[in-house]
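Structure for this input, please:
(chains A and B)
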Protein chains: 2
Amino acid sequence: MATSQQPDGQSGTIFSAETYFATQPPPPSLEQDVARVKDFLQRQLKDGRKVVLVTSGGTTVPLELNVVRFLDNFSAGTRGATSAEYFLKAGYAVIFMHRQFSLQPFSRHYSHSTHPFLDFLEIEESSPKSSTSGPSSRINVRPSEEPHLLEVLSTYKAVQRAGTLLTLNFVTVNDYLWLLRAVSQEMSLLGRHCLYYLAAAVSDFFLPRQKMSVHKIQSGKGSLHIEMDQVPKILKPLVAEWTREGFIVSFKLETDPDLLIPKACQALARYGHQVVIGNDLHRRKFEVVFVSPKASAESKPSGYEESWLRIDLNKNPQKEIEEDIVAELVGRHERWIRDAIVTVRT
Amino acid sequence: MATSQQPDGQSGTIFSAETYFATQPPPPSLEQDVARVKDFLQRQLKDGRKVVLVTSGGTTVPLELNVVRFLDNFSAGTRGATSAEYFLKAGYAVIFMHRQFSLQPFSRHYSHSTHPFLDFLEIEESSPKSSTSGPSSRINVRPSEEPHLLEVLSTYKAVQRAGTLLTLNFVTVNDYLWLLRAVSQEMSLLGRHCLYYLAAAVSDFFLPRQKMSVHKIQSGKGSLHIEMDQVPKILKPLVAEWTREGFIVSFKLETDPDLLIPKACQALARYGHQVVIGNDLHRRKFEVVFVSPKASAESKPSGYEESWLRIDLNKNPQKEIEEDIVAELVGRHERWIRDAIVTVRT
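Below you'll find the predicted structure:
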């Protein structure tokens, strides 16, 4: 781990991915999670299914070992949870790696805050005049809610029967990094048949374990000063080492629209992966942009192309943009798999 | 707002509550929330009900105006959501002021992560041989889940009919502070018949709007430096100005057991309220301590007394410590109301 002087005069510890994993401890559940991933992948391989890893929700950076306070990244997990459903619909097996308590496929339709399920259940008293009506009462779904719930529930049960959804949890950015490395290394055995849909909002900064306060930071001593180090750029080893044939889609969220395309191109140039989906914080429900390397005869891309995807929520308020995002990616992934065969044949 | 030199040499801006509210903008929903609180309190006054304000969940401190990153305080909202149910059971009307998406009374029993409701619903095909069985299918609750759900649902519906639960949301520490001030000022009209159960995990630090970055803080410039100011000690004006007769219970969460009692006594000495409930991060599900001023003939307390409450989760794993906490407080609040009558009579 090298402490270096930054170009702008700031000093900070620069962690390479290698140093990171050598100095930060793995989460206790890692081995168990990896075993579940291995099992899952074996079953999908046997069934000839393509597999997508969907990451979703924000990561935390705890400030204390006995954590009371943490830095977080804004994300309810809507993009990931919604997209996972459309990938399942398209025939993919899905590893859904999400922030604990963020939205999940299927149950996302019944948020406790916006659409609480207790509100659409009704109690039917079967013998209202009996003094012990309690045990003979039964619970019904309100008729107006039944068609939608039936649709969600049927798909949920079908996915459970097919065994095509595996759910993994993370809380901290450290959990996330360890899990992403382990899962991608396992998935690499599927070659081009795996897709990475990295929708989680991952912290750019972290507090190394060695610098963390053991107990709750006490107030009453004036202001709070926090200094954090940069999280290593994990896409680099993901693309170059862990899963060399996977089709990798990363996300770029910005609040300044002028930064969206330049930052997306910069990421593609730096990591050499397939697609960056750019979205503006306030327009992300109805507009995204796909940025990808221009096809070229050389191995180096000759620039980048952008392709905008927009939906009209006024015309169709029920429409989810994730449906179109996933359809577009399924097509691109298909071509990615086909191109490899052509390359081998010629 | 005065910038002062701290005793330990750190410099920071010290906000009094007054300066805080004069310089930080109110949340846009404040007026609407206050109108709902006024209505609610009028109804409870008419029905002669005691009212408790339960605050629950953690507050955030956004680092950007277009918020992508924020500091958060660890809290799922279990203490608050569970206690709210027991207060309702004890006949109180409850204003449940909670962090958006944190646990809520009743629905807390069906967390999407640990006890997802989709798992206990079953689809019954009424005409399995029909080719269009879809519309004639119906949804049933799994028999093993029905008794518990029936109990939760009946209580939930009874509370809705009685109109004794009002739910308010906050996200940031700024939302929380504005809302607490407004609600407590309204509640003061109930005199001693109101109780404050301040279980929310409120940040000790915040970033004044004037210091916030407009857009997402960019990485790639070395480490992240954050400097935050202290949140004003809001219990002071709450006790001394906003709600002078309310029975006020605050919480103290620590990870270092040696700090629990001293910090609780310090808070009572500083703010002059009725009870601090101390809990250790790792023991809070089965052990808390009530710290309160010793009864005294003078107006100043002659020291503090502690009273421990413990439950045995091995013997009774279903037991919730909030049941006993609420029972204890209901008794103390009762005496608080009685004492006032005695004082007036003598």
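
Now do stretch A:213-222: distance from first to last residue.
17 Å (Cα to Cα, to the nearest Å).

Can you check the pLDDT for the residue positioned nearest the centre of chain A?
The centroid of chain A falls nearest to residue A:55 when counting by Cα atoms, centre = their mean (1.8 Å). Looking at residue A:55, its pLDDT is 98.

Can you get me a residue count around residue A:32?
Neighbours of residue A:32 under the rule other Cβ atoms under 10 Å in any protein chain shown: 10. Where C-beta positions appear, they are placed from N, C-alpha and C, glycine not excepted.

actually residue A:22, sorry about that
Residue A:22: 10 neighbours (other Cβ under 10 Å).

what's near enough to touch it?
Counting by Cβ atoms under 8 Å, 6 or more residues apart in numbering or on different chains, residue A:22 makes contact with nothing.

following the helix or strand hosting it, which helix or strand comes up?
Using DSSP states H and E, residue A:22 maps to helix A:17-23. Sequence-wise, the next helix or strand downstream of helix A:17-23 (DSSP H and E) is helix A:30-47.

Just the buried residues of that next one, please?
Across helix A:30-47, burial judged by 16 or more other Cβ atoms under 10 Å in any protein chain shown covers A:33, A:34, A:37, A:40, A:41, A:44.

Nearest to chain B, out of the residues you listed: which one, please.
Using Cβ to the nearest Cβ, residue A:33 comes nearest to chain B of the buried residues of helix A:30-47, at 15.3 Å.

in the sheet, who's paired with the closest residue to the closest one other than its chain neighbours?
With Cβ to Cβ, 6 or more residues apart in numbering or on different chains as the criterion, residue A:33 has its nearest non-adjacent residue at 5.5 Å, and that residue is residue A:168. Residue A:168 forms beta bridges with residue A:97, as assigned by DSSP bridges.

Quick one: end-to-end length of stretch A:50-60, please.
30 Å.

shaky segments in chain A?
A:1-13, A:127-136, A:219-221, A:297-301, A:342-346 (pLDDT under 70).

Go through it and flag its longest helix.
Longest helix in chain A, counting residues (DSSP state H): helix A:321-345.

for that one, which positions count as buried?
Using 16+ other Cβ under 10 Å as the test for burial, helix A:321-345 gives A:321, A:322, A:323, A:325, A:326, A:328, A:329, A:330, A:332, A:333, A:336, A:337.

Output the helix holding residue A:22 as CSV, restricted to C-alpha atoms.
Below are the C-alpha coordinates for helix A:17-23, written out as CSV (Å, rounded to 0.1, in the frame of the first residue of the first chain):
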residue,chain,number,x,y,z
ALA,A,17,-7.3,-4.0,-6.2
GLU,A,18,-4.5,-6.4,-5.2
THR,A,19,-3.5,-4.4,-2.1
TYR,A,20,-7.1,-3.9,-1.2
PHE,A,21,-7.9,-7.6,-1.0
ALA,A,22,-4.5,-8.2,0.8
THR,A,23,-5.3,-5.7,3.6
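
Residue A:197: helix or strand, and which one exactly?
Judged by DSSP H and E, residue A:197 forms part of strand A:194-198.

Now tell me what touches the helix or strand just after that strand from outside.
Using DSSP H and E, the next helix or strand after strand A:194-198 towards the C-terminus is strand A:205-206. Strand A:205-206 has contacts (Cβ under 8 Å, 6+ apart) with A:61, A:71, A:173, A:174, A:228, A:229, A:230, A:231, B:219, B:223, B:224.

Determine the number of other residues adjacent to the second one.
The criterion is other Cβ under 10 Å. On that basis, residue A:71 has 25 neighbouring residues.

Hmm, residue A:25 is touching residue A:212, no?
No - judged on Cβ atoms under 8 Å, residue A:25 makes no contact with residue A:212 at a distance of 11.6 Å.

which of these two has more neighbours?
Using other Cβ under 10 Å, the more surrounded residue of residue A:25 and residue A:212 is residue A:212, with 14 against 10.

Return the distance of the nearest residue to the more buried one once chain neighbours are set aside relative to residue A:211.
Excluding its sequence neighbours, the residue lying closest to residue A:212 (Cβ to Cβ, 6+ apart) is residue A:65, at 5.2 Å. According to Cβ to Cβ, to the nearest Å, residue A:65 and residue A:211 sit 11 Å apart.

Kindly report the same for residue A:194.
Per Cβ to Cβ, residue A:194 is found 36 Å from residue A:211.

Who has more neighbours out of these two?
Taking other Cβ under 10 Å, residue A:194 and residue A:211 do not tie; residue A:194 has more neighbours (26 against 12).

Tell me which residues touch that one, please.
Taking Cβ under 8 Å, 6+ apart, one finds A:50, A:51, A:52, A:53, A:187, A:188, A:243, A:245, A:246, A:247 in contact with residue A:194.

What's the local residue count around the fifth one?
Around residue A:187 sit 25 other residues, with neighbours defined as other Cβ under 10 Å.

element containing the residue nearest to residue A:242 when sequence neighbours are not counted, please.
Distances taken as Cβ to Cβ, 6+ apart place residue A:184 nearest to residue A:242, at 4.3 Å, with adjacent residues excluded. Taking DSSP H and E as the definition, one finds residue A:184 inside helix A:173-187.

From the contact counts, what lies against that helix?
Under the contact criterion of 3 or more Cβ pairs under 8 Å, 6 or more residues apart in numbering or on different chains; DSSP states H and E, helix A:173-187 touches helix A:17-23, helix A:30-47, strand A:51-56, strand A:93-99, strand A:165-170.

change it to 7 Å
Judged by 3 or more Cβ pairs under 7 Å, 6 or more residues apart in numbering or on different chains; DSSP states H and E, helix A:173-187 is in contact with helix A:30-47, strand A:51-56, strand A:93-99, strand A:165-170.
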